[in-house]
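**Student:** Any chance you can model this:
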Amino acid sequence: MAEANYHGKTCQVWWGLDTAGTVAALSQLANVIEWSATLTADTADSSVTHASNVGRTREPGFKGGIATVTCYLPGDVVIDEGDEGSLELLRTNLNADKGYVFGATGAGNKGAICISVDLGVDKDDIETVTYTFQSTGVISATTTKGS
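**Tutor:** A predicted model of the protein is given here:
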């Protein structure tokens, strides 16, 4: 399992129910401070011999996970507890950097559910909102929004 925080100056988060069948239907969360993801991965032995010709290659696969997204208020996307949709977490706005997709994009996809919404105030008296999402579908790695 790995957990990492990505600062809001570069990270991006996209959320929504892609009912139109297009990635453009997802909405970008505004004022993202950071996100973190805790992923559970099973591994399986590959039938391919390891490059060193010793042992076997282990193939990881994401089984489930939880993601937390913290934003400054106000934001332009309203998410309530129990809302379901596709969640895309990107480390930066550059396509070369990786991120995660909770549920593949597509018509009517529901890859994550919002399990909590917490309001708070940071040390500079700026209001924040923290969303916690639980995976309900496939988690995959991505390099750009909608890939």
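**Student:** Point out where the protein drops to low pLDDT.
**Tutor:** 1-9, 18-25, 42-62, 75-76, 93-97, 104-109, 146-147 (pLDDT under 70).
**Student:** Please enumerate the strands of it.
**Tutor:** 6-7, 12-16, 27-28, 32-49, 56-72, 84-90, 99-102, 112-121, 127-135, 139-142 (DSSP state E).
**Student:** ok, residues contacting the third one?
**Tutor:** This means strand 27-28. With contacts defined as Cβ atoms under 8 Å, 6 or more residues apart in numbering, strand 27-28 is touched by 12-16, 76-77. From N, CA and C alone the C-beta is placed, and that goes for glycine too.
**Student:** And the residue nearest to G85 when sequence neighbours are not counted, how far from T143?
**Tutor:** Closest residue in space to G85, ignoring its immediate chain neighbours: L17 at 4.2 Å, by Cβ to Cβ, 6 or more residues apart in numbering. L17 sits 23 Å away from T143, going by Cβ to Cβ, to the nearest Å.
**Student:** Who has more neighbours out of these two?
**Tutor:** The neighbour comparison of L17 against T143 (other Cβ atoms under 10 Å) goes to L17, with 17 against 13.
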